[in-house]
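Peer 1: Sequence isn't available, so here's the structure alone:
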C-alpha cells in the first residue's frame, strides 16, 4: 500500500491550543537531557578509572534503542499517548532521584549509573514516540502546520540538548556531583506537568493482538508503503554518513584545525545554531521544495558540508560548514517526521515510528566504526570525503525511486 504525500496548503501555518505546553515540555526535558549527557561520563570517571567500566555506561545508554525501542511503539499505540508521555517522564524523574540519593549517601556505583542511563533512555524511547504520535491531534495533519510545529520542537530540543544543557551539566557537576542529576529529575517532573496541560486526545483503536503481532504490523506497514520505506533509507544514508564523518572529528579538530577543547565545543555549538535556525524556518522551506525535496537536499548538502570541513585548515571555515551540518540535521528530521505523521494512520503511528527509527538509525554504529577504520588507514580527512562520496552515490540511486512515487 502506498499513500501519497499531501500537497502543502497555501494557508498560513497555525499552531493550535496545547502546542505551547507540548513545546515547552520538550525544551525543559531537553535541557535536563543535555546536562545528563555531560554529567553521566563525568560521574563515571569520578567513580572509576577503568575504561571498560566507563564504556559500560555508554553502552547502557545506547542499548534501549535496540532492546526497548522496537517494542515502545506497540505500547504507545495501546494507551492514551498523553498518559504514556507523562508516565515515562515521571519514571525517569524517580530513577534519577534514586541516583541522587545514592550519590549523597556516597554509595553510588558504575552499576547504578549504568542502570540509570538505561532507564533514562528507555523512557525517551516511549516519550519520543508518544509525543510524535500526539502532535497530529494537537496541530492537525496539514503539512504546513505539522512542519511548522516539528520545526519548533526540534529547534527547541537542539538548543536544550546542545547549547543550554551541556554547559549547565558541567557547571553543576563541578559544584556538586549530584546536582546535574537532580536538575534532570526536576526537568522531567516539570515536563510531565506541562504535558498535562495538553488537551487529551482519544486513545488509539487498540486491537486484542499480542505485542509481538502489533510490532510486526508496524514493520509490515512500513515495508508495504514504498514512500515511507524510501524515506527511511534516505535517513539511513544521512545517519550513516554523518557518523562515518564524525567518528574521529575530535582528532581532526584538535590535530588538523588546531582548536582547543573549548574550540571543539564551539564547533558543536555552531551546528546547534544552524539546527535551531533551520527548525524555525522549516515550514516555508519545506513548502517551497516539498518534503521529498527537503530530505534529498539535506542529504546532499550534508555531503558538501563535510567536504568543506575536510578541505579546510581554518576553524572559521569549518565552523561555517558546521552551521550547514546542523541545519541539514534538523531539516531531514522535520521532513521525515512530518511525512510519517501525514501518511500513517493514527492507530499505527507509534509502531511505525519505532520501526522507522530502527531502519533509519540502525546503521549509525556501523558508520562510526567505518569512520574509525578509514581514518586509521587513510588519514583524518578521509572519513569526511568518504561520507560525501557515499551520500552522493546513495542519493543518486534513492532520489529517482523516491520521486517516482506519486
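Peer 2: All right, it came through fine. All values derive from a computational prediction rather than experimental measurement.
Peer 1: What is the burial count for residue 119?
Peer 2: Residues within reach of residue 119, counting by other Cβ atoms under 10 Å, total 19. Quick note: C-beta positions are derived from backbone N, CA and C, even for glycine.
Peer 1: Am I right that it is in contact with residue 95?
Peer 2: Yes. Counting by Cβ atoms under 8 Å, residue 119 does reach residue 95; the two are 4.2 Å apart.
Peer 1: give me phi/psi at residue 48?
Peer 2: Main-chain torsions, residue 48, degrees, to the nearest 10: phi -150, psi 160.
Peer 1: if I pick residue 58, what's in contact with it?
Peer 2: With contacts defined as Cβ atoms under 8 Å, 6 or more residues apart in numbering, residue 58 is in contact with residue 41.
Peer 1: Tell me how far it lies from residue 111.
Peer 2: For residue 58, the distance to residue 111 equals 14 Å [Cβ to Cβ, to the nearest Å].
Peer 1: Same question for residue 153.
Peer 2: Counting by Cβ to Cβ, the gap from residue 153 to residue 111 is 34 Å.
Peer 1: now the helices: where do they sit in the stretch 251-400 of the chain?
Peer 2: Along the stretch 251-400 of the chain, counting by DSSP state H, counting those that start in this stretch, helices occupy 261-280, 282-289, 291-311, 315-343, 349-361, 364-378, 382-404.
Peer 1: typed the wrong thing, it's the stretch 1-150 of the chain
Peer 2: For the stretch 1-150 of the chain, applying DSSP H, counting those that start in this stretch gives helices covering 19-47, 51-62, 64-67, 69-76, 81-104, 110-139, 143-158.
Peer 1: Ok, which of those comes nearest residue 306?
Peer 2: Taking Cβ to Cβ, helix 143-158 is the member of the helices of the stretch 1-150 of the chain nearest to residue 306, at 19.1 Å.
Peer 1: helix or strand right after the closest one?
Peer 2: Downstream of helix 143-158, the first helix or strand assigned by DSSP states H and E is helix 165-175.
Peer 1: contacting residues around the next helix or strand after that following helix?
Peer 2: Next helix or strand after helix 165-175 toward the C-terminus (DSSP H and E): helix 179-195. Under the contact criterion Cβ under 8 Å, 6+ apart, helix 179-195 has outside partners 21-22, 24-26, 28-29, 31-33, 35-36, 38-39, 43, 82, 85-86, 89-90, 92-94, 96-97, 99-100, 103, 116, 120, 123, 168-169, 172-173.
Peer 1: angle of helix 179-195 against helix 19-47?
Peer 2: 160 degrees (axes from the mean of the first three to the mean of the last three Cα atoms, to 10 degrees).
Peer 1: Quick check on the contacts of helix 179-195: which are buried?
Peer 2: Taking 16 or more other Cβ atoms under 10 Å as the criterion, what is buried in the contacts of helix 179-195 is 21-22, 24-26, 28-29, 31-33, 35-36, 38-39, 43, 82, 85-86, 89-90, 92-93, 96-97, 99-100, 103, 116, 120, 123, 168-169, 172-173.
Peer 1: and the helices of the stretch 1-150 of the chain, which one is worst for confidence?
Peer 2: For the helices of the stretch 1-150 of the chain, mean pLDDT drops lowest on helix 51-62, to a mean of 76.
Peer 1: Quick check: buried residues in that one?
Peer 2: For helix 51-62, the neighbour count (16+ other Cβ under 10 Å) marks 53, 54, 56, 57, 60, 61 as buried.
Peer 1: ok, for the third one, nearest residue in space, not its chain neighbours?
Peer 2: Okay, so that is residue 56. Leaving aside its sequence neighbours, residue 56 sits nearest to residue 114 (Cβ to Cβ, 6 or more residues apart in numbering; 5.3 Å).
Peer 1: next one: the fifth one
Peer 2: Spatial nearest neighbour of residue 60, excluding adjacent residues (Cβ to Cβ, 6+ apart): residue 114 at 3.9 Å.
Peer 1: quick one, what contacts that neighbour?
Peer 2: 56, 57, 59, 60.
Peer 1: Pick out the most distant pair among those residues.
Peer 2: The largest separation in the contacts of residue 114, counting by Cβ to Cβ, is between 57 and 59 at 7.3 Å.
Peer 1: related to what we said a few turns ago, neighbour count winner among residue 153 and residue 111?
Peer 2: Neighbour count, other Cβ under 10 Å: between residue 153 and residue 111, residue 153 has more, with 24 against 13.
Peer 1: I figured that one was touching residue 26, is that so?
Peer 2: Yes. Using Cβ under 8 Å, residue 153 is in contact with residue 26, at 5.3 Å.
Peer 1: Which neighbours do those two have in common?
Peer 2: Common contacts of residue 153 and residue 26 (Cβ under 8 Å, 6+ apart): residue 131.
Peer 1: okay, now the domains of this structure?
Peer 2: Segmentation of the chain into domains, based on automatic domain parsing, reads 15-198, 210-406.
Peer 1: mean confidence for the last one?
Peer 2: Which is domain 210-406. When pLDDT is averaged over domain 210-406, the result is 86.
Peer 1: Can we start the residue count at 36 from this point?
Peer 2: In the new numbering, first residue 36, that becomes domain 245-441.
Peer 1: how much distance is there from it to the middle of the chain?
Peer 2: Taking Cα atoms, centre = their mean, to the nearest Å, one finds domain 245-441 lying 11 Å from the centre of the chain it belongs to.
Peer 1: Stretch 87-99 now?
Peer 2: From the chain centre to the centre of stretch 87-99 is a distance of 18 Å (Cα atoms, centre = their mean).
Peer 1: now do stretch 68-87
Peer 2: The answer for stretch 68-87 is 21 Å, by Cα atoms, centre = their mean.
Peer 1: residues making contact with it?
Peer 2: The contact list for stretch 68-87, computed with Cβ under 8 Å, 6+ apart, reads 88-89, 92-93, 96, 131, 138, 143-145, 148, 152, 155, 159, 195-201, 203-205, 207-208, 212, 215-216, 218-219, 222.
Peer 1: tell me which residues of stretch 258-278 are tucked away?
Peer 2: For stretch 258-278, the neighbour count (16+ other Cβ under 10 Å) marks 260-278 as buried.
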